[in-house]
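Peer 1: would you be able to build a 3D model of this:
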Amino acid sequence: MTQIKIILLSLLLYTNCSIAQTCGYDSIVGLINFKDYNSYAINDPGLIDFYIPVVFHVIYNSDNDNIHDSVILNQLDILNECFFFCEDTIRDQFKEIVACPRILFYLASSDPYGKSTSGITRNYTYRKSFNSSDSIYKFDTPKYKIYGGVDAWDTDRYLNIWVCNLESLNVNNSSLLGYAFPPTYAKNWDQNSFVAVERQGVVMSNKAIGSNNPFGNPQYSKTLVHEMGHYFGLKHIWGDKTSDCNDDDGIDDTPLSSNPSFSCSLSKNTCESGMEDLPDMIENAMDYAPSSCSGYFTKGQVQRITINLLNFRPKLYSAEPREATEIRFEIFPNPAQSVFFIYNNSLDIRNRKYEIFNSNGVLVYKTQSAERKVLIKIPSSNLSNGIYYVRVHSESKVEVKKVFINSAF
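Peer 2: I've put the predicted structure just below:
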């Protein structure tokens, strides 16, 4: 595959007789210098249910490219099986580290102009394939009408998924299954990974959508799950280098792996490290194993997904608490740097008042929400380091929790 300077994710090679995947990004160069407050852990990332509207842009040149609605609906089901329902059929040694992102994807019912929609658009293109030269990497051609693609719907409010022909028309290129970019400023990503707002979303081969695709392969049907991981800011579990057990994805609980998996081999163990060593987690969605054995996330990966949604894609989702309790709320991150969130773990959260007191009992911040808001963002950059007390008032009860502010955390 032609090497490129722009970082692309999951440029997945496929052949007629086997499944193989590869990424076309170069080594990471440079680091982003910004206040990083997304390194904390949420005790239970499954506390929140996220709901994300999706639009599939089907771009076709031939009838075979114009895949049926039933294939798209099947793909949506597969996405939700891995992100929301999360069946627990993984090997015993991984049961303690897996978690469910609790993200439900649904077809958008209205377009950016308020008109009713099925959540599926269909547009003819003069292009036989969008993978005819390096221009797909440089210009992201499926995402622009001027290049024969389709302009994105508001990427802050919709998950855009472009479905098109990605078969190679150039002997020097590999056919692709899909690619995506991480949120801008997501942790552990280089600045060359970040793209313009209108390029946020996922591009998929029309042969890698759905397990019922008459022109595809069921073993590609979780490619979109993998690409969504990148879209939410996850890296491959082996990191940026192959054949190197000292480089990984920046997530503590994903077992070390030195190279991608192209089969469901349960004996694969490329990084042995002591008595508590785990085998390669071929089941992880961020590996390259076939769909029949993949689609899981670890607790650390789910925490990173949740954090990136809260910090970098705040308008994309609606959120609901999972259980109705009284005034219960949680604070994260804790310790905090320049900002923290109050998560209201209750269905009765209208007309709440939020107050912050320093250790001397002085009120330093207050806000109120008449709306039913699950997440309250509290700026703390103007607060000096130390212990503070967050007091939340409902109509009939008051509850207090501590938060520690440490700008050097």
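
Peer 1: C-alpha only now, for contacts and for neighbours.
Peer 2: Fine.

Peer 1: show me the helices in the stretch 301-409 of the chain, by range?
Peer 2: Taking DSSP state H, counting those that start in this stretch, the stretch 301-409 of the chain contains no helices at all.

Peer 1: nope, the stretch 51-200 of the chain is what I meant
Peer 2: Taking DSSP H, counting those that start in this stretch as the criterion, the stretch 51-200 of the chain contains helices spanning 69-80, 135-139.

Peer 1: any idea which residue sits dead centre in this structure?
Peer 2: What sits nearest the mean C-alpha location of the chain, by Cα atoms, centre = their mean, is Phe232, with 2.1 Å.

Peer 1: can you pull the contacts of it?
Peer 2: Pro182, Pro183, Ile305, Asn308, Leu309 (Cα atoms under 8 Å, 6 or more residues apart in numbering).

Peer 1: ok, Asp244 next?
Peer 2: Ser258, Asn259.

Peer 1: helix, strand or coil: sort out it for me.
Peer 2: When classified by DSSP: H, G, I helix; E, B strand; the rest coil, Asp244 comes out as coil.

Peer 1: low-confidence stretches in the stretch 201-350 of the chain?
Peer 2: When residues are selected by pLDDT under 70, those of the stretch 201-350 of the chain lie in 274-276, 321-327, 345-350.

Peer 1: where do the strands of the stretch 151-300 of the chain begin and end?
Peer 2: 159-164, 178-180, 202-205, 297-298 (DSSP state E, counting those that start in this stretch).

Peer 1: which other residues reach the longest one?
Peer 2: Outside of strand 159-164, the residues within contact range by Cα under 8 Å, 6+ apart are 52-60, 65, 129-130, 142-143, 150, 152-153, 200-206, 316.

Peer 1: how does it look with 6 Å?
Peer 2: Residues outside strand 159-164 that contact it (Cα atoms under 6 Å, 6 or more residues apart in numbering) are Val54, Val55, Phe56, His57, Val58, Ile59, Gly201, Val202, Val203, Met204, Ser205, Asn206.

Peer 1: and for the chain, the residue most distant from the center?
Peer 2: Going by Cα atoms, centre = their mean, the residue of the chain most distant from its centre is Asn360, 41.2 Å out.

Peer 1: please report how far that one lies from Arg352.
Peer 2: Separation of Asn360 from Arg352 (Cα to Cα, to the nearest Å): 24 Å.

Peer 1: got the end-to-end distance for stretch 310-318?
Peer 2: End-to-end distance for stretch 310-318: 11 Å, by Cα to Cα.

Peer 1: now do that stretch: distance to the chain's middle.
Peer 2: Stretch 310-318 sits 11 Å away from the centroid of its parent chain (Cα atoms, centre = their mean, to the nearest Å).

Peer 1: in that stretch, what's buried?
Peer 2: The neighbour-count criterion (16 or more other Cα atoms under 10 Å) identifies Leu310, Asn311, Phe312, Arg313, Leu316, Tyr317 as the buried residues of stretch 310-318.

Peer 1: now, these that are in strands?
Peer 2: Judged by DSSP state E, strands contain none of those.

Peer 1: just those now: which is nearest Asn80?
Peer 2: Nearest to Asn80 among the buried residues of stretch 310-318, counting by Cα to Cα, is Tyr317 at 14.7 Å.

Peer 1: any idea how far Ile52 is from that closest one?
Peer 2: Distance from Tyr317 to Ile52, by Cα to Cα: 5 Å.

Peer 1: also Asp240?
Peer 2: In terms of Cα to Cα, Asp240 sits 29 Å off from Ile52.

Peer 1: hmm, Tyr365 is touching Asn358, no?
Peer 2: No: taking Cα atoms under 6 Å as the contact criterion, Tyr365 and Asn358 are not neighbours in contact, 9.4 Å apart.

Peer 1: higher neighbour count, the two?
Peer 2: Asn358 (18 against 15; other Cα atoms under 10 Å).

Peer 1: OK, contacts around that one?
Peer 2: Tyr388.

Peer 1: recalculate using a threshold of 7 Å.
Peer 2: Shown in contact with Asn358 (Cα atoms under 7 Å, 6 or more residues apart in numbering): Val364, Ile387, Tyr388, Tyr389.

Peer 1: export those as JSON lines, with columns for distance to Arg91 and pLDDT.
Peer 2: Output for those, formatted as JSON lines (distance: Cα to Cα, whole Å; pLDDT from 0 to 100):
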{"residue": "Val364", "distance to Arg91": "50", "pLDDT": "91"}
{"residue": "Ile387", "distance to Arg91": "42", "pLDDT": "89"}
{"residue": "Tyr388", "distance to Arg91": "43", "pLDDT": "90"}
{"residue": "Tyr389", "distance to Arg91": "43", "pLDDT": "88"}
